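# When you get a sec, could you give me coordinates for this:
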Amino acid sequence: MPPIDWSIDGLPEGTQKLLKSYVKDVVKVYGDDLEGIVLYGSAVRGEFLHGLSNLNILLILSSYDLSVLKKYDGLHKRWSKEQVVVPLFLTSPDLESAATTFPLEYQDILDCHRLLWGQDPFVGLKIDSRYLAAEVVQGLRGNLFRLRQRLVEGRSTEEAITILLPLSITALLPVLRGLQRLLGRPVIMHGEPLLKDIEAYLEIDLAGLRDAVALKRGHISPGQKEIPRLMDRYIECLTRLVTTAEARII
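Down below sits the predicted model:
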């Protein structure tokens, strides 16, 4: 196997060493069935938080027969303990189809990814943006609906809110990058500047969303009494954003 020699800006050296070990394991297990390994998400955007962020991987395979997928069993047993979530398993034809069906997700990966091994499947890939508006609206509304549901499931406790806010804003940020594309804005990868840009452009208050980013990154530690108010502001801002965005892009 050719030497694995790359460096990712902003990613801790220990995490990069771990990733290189992971790549060697995957290549050894999959052999000729493997065409490429791609890293995407916070580790590439420079927002990786050691101990909190996951390592998001895409494996390009020659096929996804059951025998091929089962090869990952042993890898999952070892690497799930190291913040490596179960990868996306795609073939090259799958990726071309996904670029049309899921323009939001795959435009985001196309814009910000890193090839760890093999051939980069995103070279020359065209994203069909005709359905982007519908997916952005669905993402915004879906985030709000799921948040309400999970809040009730967690009985609206301070512990549940502390978990839900970072999860919700993490899922929301890629949708907001899609919104920026629809609005003709430069796409900003980092959470805080992204929110400020949308806030200024749409002329709405998104302070509740910015607080959620600060909570996720450990920049604020609200007390027991403040946590419910933080959730109230978040829902209020998210609802306002959904209404305003829908009016602008539909």
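# Show me the helices in the protein, by range?
When secondary structure is read from DSSP state H, the chain shows helices at 13-30, 42-45, 66-69, 73-79, 92-101, 103-111, 132-153, 158-182, 191-202, 207-216, 226-249.
# Kindly provide the distance from the residue sitting nearest the centre point of the chain to Ser62.
Centroid check for the chain by CA atoms, centre = their mean gives Gly41 as the closest residue, at 5.0 Å. Per CB to CB, to the nearest Å, Gly41 is found 24 Å from Ser62. Every C-beta, even on glycine, is put in place using the N, C-alpha and C of the backbone.
# Show me the beta-bridge partners of the residue nearest to Gly41 when sequence neighbours are not counted.
With sequence-adjacent residues excluded and distances taken as CB to CB, 6 or more residues apart in numbering, Gly41 is closest to Asn56, at 3.5 Å. Beta bridges link Asn56 to Tyr40, judged by DSSP bridges.
# Next up, the contacts around Asn56.
Leu39, Tyr40, Gly41, Ser42, Ala43, Val85, Pro87 (CB atoms under 8 Å, 6 or more residues apart in numbering).
# Determine which two of these are furthest apart.
Checked with CB to CB, the contacts of Asn56 reach their widest spread between Ser42 and Pro87, with 15.5 Å between them.
# Can you check which of the helices of the chain gets nearest to Phe122?
Nearest to Phe122, of all the helices of the chain, is helix 103-111, at 5.0 Å by CB to CB.
# Can you tell me which helices and strands that closest one packs against?
strand 34-40, helix 92-101, helix 132-153, helix 158-182 (3 or more CB pairs under 8 Å, 6 or more residues apart in numbering; DSSP states H and E).
# so how far is the last one off the chain centroid?
For helix 158-182, the distance from its own C-alpha centre to the chain's C-alpha centre is 10 Å (CA atoms, centre = their mean, to the nearest Å).
# how far is stretch 45-64 from where the chain is centred?
With CA atoms, centre = their mean as the basis, stretch 45-64 stands 9 Å off its chain's centre.
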